[in-house]
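>>> Next input, structure requested:
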Amino acid sequence: MGKAKLFGTIGKMALGAVAPDVLEQGTKIVNDQLEKRKDYLKIPDVKLLDVEKATAVIDKYNFNHSEVPVRVFK
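All right, here's what the predicted structure looks like:
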């Protein structure tokens with residue numbers, strides 16, 4: 001058996017032994033992160049919308065809001 005084939009065989013054996021543990025650990029990390037974020041809200045980005053469209057989007061999600069007039073100085 002050549003060196004390349006021997007290393008390939010050993011690599012496959014090692015991967016077969018390690019892969020389930022790595023997969024299990026990765027799954028645990030992902031599930032932990034999903035559990036932490038289960039109550040998060042996705043807030044729509046309305047920064048670039050005009051006031052009327054932004055208000056419509058915010059109303060759609062039933063968020064409380066108010067308009068604050070801003071004077072632009074030149």
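>>> can you give me the mean pLDDT across stretch 53-73?
In this model, stretch 53-73 has a mean pLDDT of 89.
>>> residue boundaries of the helices in this structure?
3-36, 51-60 (DSSP state H).
>>> just the CA coordinates of the shortest one, formatted as PDB?
C-alpha atoms of helix 51-60 as PDB (Å, rounded to 0.1, in the frame of the first residue of the first chain):
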ATOM      1  CA  VAL A  51     -42.700  59.100   6.600                       C
ATOM      2  CA  GLU A  52     -46.000  57.800   5.200                       C
ATOM      3  CA  LYS A  53     -44.500  54.500   4.100                       C
ATOM      4  CA  ALA A  54     -42.600  54.000   7.300                       C
ATOM      5  CA  THR A  55     -45.700  54.700   9.300                       C
ATOM      6  CA  ALA A  56     -47.600  52.100   7.300                       C
ATOM      7  CA  VAL A  57     -44.900  49.500   7.900                       C
ATOM      8  CA  ILE A  58     -44.700  50.200  11.600                       C
ATOM      9  CA  ASP A  59     -48.500  50.100  11.900                       C
ATOM     10  CA  LYS A  60     -48.600  46.800  10.100                       C
END
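>>> Now find how far off-centre stretch 25-41 is within its chain.
10 Å (CA atoms, centre = their mean, to the nearest Å).
>>> where's residue 57 relative to residue 63, distance?
Note on residue 57: its distance to residue 63, by CB to CB, to the nearest Å, is 9 Å. In short, each C-beta sits where N, CA and C put it, glycine included.
>>> ignore the last one, residue 70
20 Å.
>>> re earlier: worst mean pLDDT among the helices of the chain?
Taking the mean pLDDT of the helices of the chain, helix 3-36 comes last: a mean of 74.
>>> still on that earlier bit, compare neighbour counts for residue 70 and residue 63 and give me the winner.
Legend: neighbour count by other CB atoms under 10 Å for residue 70 and residue 63, higher for residue 63 (12 against 5).
>>> What sits closest to that one if chain neighbours are left out?
residue 43 (7.8 Å; CB to CB, 6 or more residues apart in numbering).
>>> okay, now the one you found: neighbour count?
Using other CB under 10 Å, residue 43 has 9 neighbouring residues.
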